[in-house]
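**Student:** Sequence and predicted structure, then a few things I'm wondering about:
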Amino acid sequence: MGVLDGQVALVTGASKGIGSELARGLAAEGASVAVNYKHDAAGAQQTCASIADAGGRAIPLSGDVSSGPGACALVNETVEQLGRIDVLVNNAARTRFGPALDVTDKDFDDVVNTNMRGTFFASTEAARHMLEQGSGSIINISTCAVRLQIEWHSVYTMSKGGIEALTAQLAYELAPTVRVNAIAPGPTKTARSLEYDPNQDETWGKIIPLGRMCLPSDYVGPLIFLASDQSAFLSGEVLHVDGAWNLQGKTPPMGDLDLSGDFTRD
């Protein structure tokens with residue numbers, strides 16, 4: 001018996017990386033999971049297959065949350081196919097790291113539309129269903145960069161700071177029926193981060209107090225806590241899961257990292 005038995009969860013951007021691990025974690029606790037992807041259908045299918053192999057239930061859902069209608073359609077497709085929505089995880093995100101003075105309109109729109117517009121409209125659409133059902137939990141994925149102001153993160157940090165402000169606002173507006181919280185990850189070892197720095201274990205391990213990079217699996221326990229009744233009296237909070245990194249905030253020079261993939265990735 002899992003703490004989310006009988007519930008339905010939607011995880012945006014769940015075909016790979018942190019999102020894929022979060023989807024598997026929710027399924028392991030009994031939730032039926034909608035695994036959202038934008039382009040990576042194969043990755044979403046692989047995530048769903050791994051959930052099915054472990055005895056869980058998941059479906060892949062194509063959708064682009066960078067527009068309001070797209071985000072709303074994704075939520076409603078989840079309800080149509082799985083019957084309801086109890087947990088929404090706003091994980092889909094864009095980066096485009098680089099000096100603030102080099103940011104273009106295209107860079108700005110790419111990051112803000114997915115990170116802020118997607119989170120806002122997916123949350124409000126999910127809230128309509130949750131309010132009607134009488135319960136629900138929304139978990140936004142932020143970043144410790146909001147607290148630390150990391151070099152070359154201007155648009156990304158701005159968008160995630162907006163998500164944290166939205167977390168508090170919706171927690172207030174949707175109480176007492178729907179709870180809204182956020183997880184702020186630290187530097188995380190994923191295929192994407194390896195593109196930036198192949199030596200990331202050494203780079204980050206020596207400056208994170210707990211001695212290593214974050215792993216996607218580190219966020220599963222906090223997610224289940226926030227999604228379930230284990231946190232029934234918790235709303236409007238941002239939970240930092242970063243190996244105590246935000247306590248001192250040392251970072252490697254961004255200029256040493258290969259960021260070119262950010263500007264060619266669809």
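**Tutor:** All right, it came through fine. Remember, predicted model here, so these are calculated numbers, not experimental data.

**Student:** CA only for contacts and neighbour counts going forward, please
**Tutor:** Fine.

**Student:** mind checking which helix or strand Leu61 is in?
**Tutor:** Element membership for Leu61 (DSSP states H and E) is strand 57-62.

**Student:** Confirm that Arg179 lies within a strand, as I assumed.
**Tutor:** Yes: assigned with DSSP: H, G, I helix; E, B strand; the rest coil, Arg179 falls within a strand.

**Student:** Now do the same contact list for it.
**Tutor:** Gly136, Ser137, Ile138, Ala171, Leu234, Ser235, Gly236 (Cα atoms under 8 Å, 6 or more residues apart in numbering).

**Student:** quick one on the thing from earlier: so what strands line up beside the strand holding Leu61?
**Tutor:** The strands beside strand 57-62 in its sheet (DSSP bridges) come out as strand 32-37 (parallel).

**Student:** What's the ChimeraX line that selects buried ones from the contacts of Arg179?
**Tutor:** This is how ChimeraX selects the buried members of the contacts of Arg179, with burial counted by 16 or more other Cα atoms under 10 Å:
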select :136,137,138,171,235,236
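
**Student:** Now, the contacts of Arg179 that are in strands?
**Tutor:** Counting by DSSP state E, those place Gly136, Ser137, Ile138 in strands.

**Student:** contacting residues around the second one?
**Tutor:** Right, the one you point to is Ser137. Asp86, Val87, Leu88, Val178, Arg179, Val180, Asn181, Leu226, Ala227, Ser228.

**Student:** Please, where are all the helices along the stretch 1-150 of the chain?
**Tutor:** Under the criterion DSSP state H, counting those that start in this stretch, the stretch 1-150 of the chain contains helices at 17-28, 41-53, 68-82, 105-112, 119-133, 145-148.

**Student:** will you turn the ones you listed into CSV that also has mean neighbour count, mean pLDDT and distance to Val8?
**Tutor:** Listed next are the helices of the stretch 1-150 of the chain as CSV, based on neighbours: other Cα atoms under 10 Å; pLDDT from 0 to 100; distance: least, Cα to Cα, whole Å:
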stretch, mean neighbour count, mean pLDDT, distance to Val8
helix 17-28, 24, 97, 9
helix 41-53, 18, 98, 14
helix 68-82, 19, 98, 7
helix 105-112, 16, 93, 27
helix 119-133, 21, 98, 11
helix 145-148, 18, 88, 30
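
**Student:** Turn the ones you listed into TSV, columns for distance to Glu202.
**Tutor:** What follows is these, written out as TSV (distance: least, Cα to Cα, whole Å):
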stretch	distance to Glu202
helix 17-28	20
helix 41-53	28
helix 68-82	38
helix 105-112	29
helix 119-133	33
helix 145-148	20
